[in-house]
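**Student:** Any chance you can model this:
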Amino acid sequence: MQNNINYQITESIQTQQRVQDELSEFIEFAAQHIVSALLADKKILSCGNAASVSSAQYFASLMINRYERVRPSLPAISLVNDVQMITSIANTQHYDDVFAKQLRALGQTADVLLIYSVEGSALNLVKLINAAHDMQIPVILLAGENETTLPTLLHEVDVCVSVPSQSAQRIHEAHLLITHCLCDLVDSQLFGNPLI
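**Tutor:** Okay, the predicted model is just below:
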């Protein structure tokens, strides 16, 4: 059992070290997108499927409530929160439309769309990215090596932060760390850096 524990922890540390070494610039670009949108009185919309639902919800809660400091609420909407909305769209339209339809109703040009994707491409996320592009909403995609379709849909203004792992567990852990990095960068850019 100790070997299993050591393996899990070691693999997690190695993945997060690779995130630091290989993805810091992309995380910075993503944070700059978010900051620019917020400075322009725009909002951030987040979503994901399956276990990534919790990441999308968590990000929105950190924006609206707080990360590490007391500060004004920042506008964010999680497109995964309203179960009645999602099941209504899935029941009367199609499940592939559950996010795109919400984005078309709630999104505005120059908002930012933050997508968490771990398990591989889903058609509802494909349609969502297409809707975002139609509305001139830049996309930040947090993915992993298993995600091969969605990155090919991104435009030059979009950002893909792809965790260098095929393990869903390691990708989820890295997405959590990247979420914390994004929130810290947003807070420091908007409200000053308490670490300096």
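**Student:** Could you use CA atoms for every contact and neighbour count after this?
**Tutor:** Fine.
**Student:** in the protein, which spans are strands?
**Tutor:** Along the chain, counting by DSSP state E, strands occupy 44-48, 76-78, 112-116, 139-144, 159-163.
**Student:** gap between Ala60 and Ala174?
**Tutor:** In this view, Ala60 and Ala174 are 17 Å apart by Cα to Cα, to the nearest Å.
**Student:** the more surrounded of those two?
**Tutor:** Ala174 (27 against 23; other Cα atoms under 10 Å).
**Student:** And for that one, nearest residue in space, chain neighbours not counted?
**Tutor:** Gln16 (6.1 Å; Cα to Cα, 6 or more residues apart in numbering).
**Student:** Quick check, pLDDT for the one you found.
**Tutor:** pLDDT for Gln16: 97.
**Student:** ditto for Ile196
**Tutor:** 56.
**Student:** Residue numbering should commence at 806 henceforth.
**Tutor:** Okay, using 806 as the starting number, the last item reads as Ile1001.
**Student:** Lowest mean pLDDT among the helices and strands, pick that one out for the chain.
**Tutor:** The weakest-scoring helix or strand in the chain, judged by mean pLDDT, DSSP states H and E, is helix 888-897 (a mean of 93).
**Student:** Tell me the buried residues in it?
**Tutor:** Ile891, Ile894 (16 or more other Cα atoms under 10 Å).
**Student:** how far does that helix sit from the chain's center?
**Tutor:** Its chain's C-alpha centre and that of helix 888-897 lie 22 Å apart, by Cα atoms, centre = their mean, to the nearest Å.
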